[in-house]
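>>> Next input, structure requested:
(one chain, ligands or ions: 1)
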Amino acid sequence: MSQLPACPECSSGYTYEDDNILACPDCAHEWSPNELEATNSDKVYRDANGNELQNGDTVVVIKDLKVKGSSLVLKVGTKVKNIRLVDADHDIDCKIDGIGSMKLKTEFVKKV
Ligand SMILES: [Zn+2]
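Residues are numbered from 1 along each chain as shown. The predicted model follows:
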């Protein structure tokens, strides 16, 4: 048996396992170890300000960006709704009104 992970809520080391659920006696937090593992292996996406981005977030573009394969330019301040984070060089998949599907880099956006 490997050692149980510390509580993700309060960092208590006194966690125990109960029916495939991990529980913390200090703050009564309960969580599934499988879920936790999935979360930990996930890449953390950060915007230009270092804020963490999540799927479904709304961001604004902080720099004029040329749309590949067209003469369109994505202007500073363009709002991008419902982003999807992907593990790629351009790590945001999104749809922009008037432009369509696009890929952006997290470093060129900030969370609204
Ligand atoms: Zn706890």
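
>>> Spell out which parts of the chain neighbour the ion.
Taking CB under 5 Å from the ion, the part of the chain that reaches the ion is made up of 7, 9, 10, 12, 24, 26, 27, 29. Every C-beta, even on glycine, is put in place using the N, C-alpha and C of the backbone.

>>> how about the fifth one, what does it touch?
Read that as residue 24. Under the criterion of CB atoms under 8 Å, 6 or more residues apart in numbering, the contact partners of residue 24 comprise 7, 9, 10, 12, 14, 15, 30.

>>> before we move on, back to that, selection in PyMOL covering whichever of the residues of the chain next to the ion are buried, please.
What follows is the PyMOL syntax for the buried subset of these, where burial is set by 16 or more other CB atoms under 10 Å:
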select buried, resi 7+24
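
>>> Distance to residue 101 and secondary structure for the residues of the chain next to the ion - can I get that in JSON lines?
Formatted as JSON lines, the entries for these read as follows, by distance: CB to CB, whole Å; DSSP: H, G, I helix; E, B strand; the rest coil:
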{"residue": "7", "distance to residue 101": "40", "secondary structure": "coil"}
{"residue": "9", "distance to residue 101": "38", "secondary structure": "coil"}
{"residue": "10", "distance to residue 101": "42", "secondary structure": "coil"}
{"residue": "12", "distance to residue 101": "44", "secondary structure": "coil"}
{"residue": "24", "distance to residue 101": "42", "secondary structure": "coil"}
{"residue": "26", "distance to residue 101": "46", "secondary structure": "coil"}
{"residue": "27", "distance to residue 101": "43", "secondary structure": "coil"}
{"residue": "29", "distance to residue 101": "39", "secondary structure": "coil"}
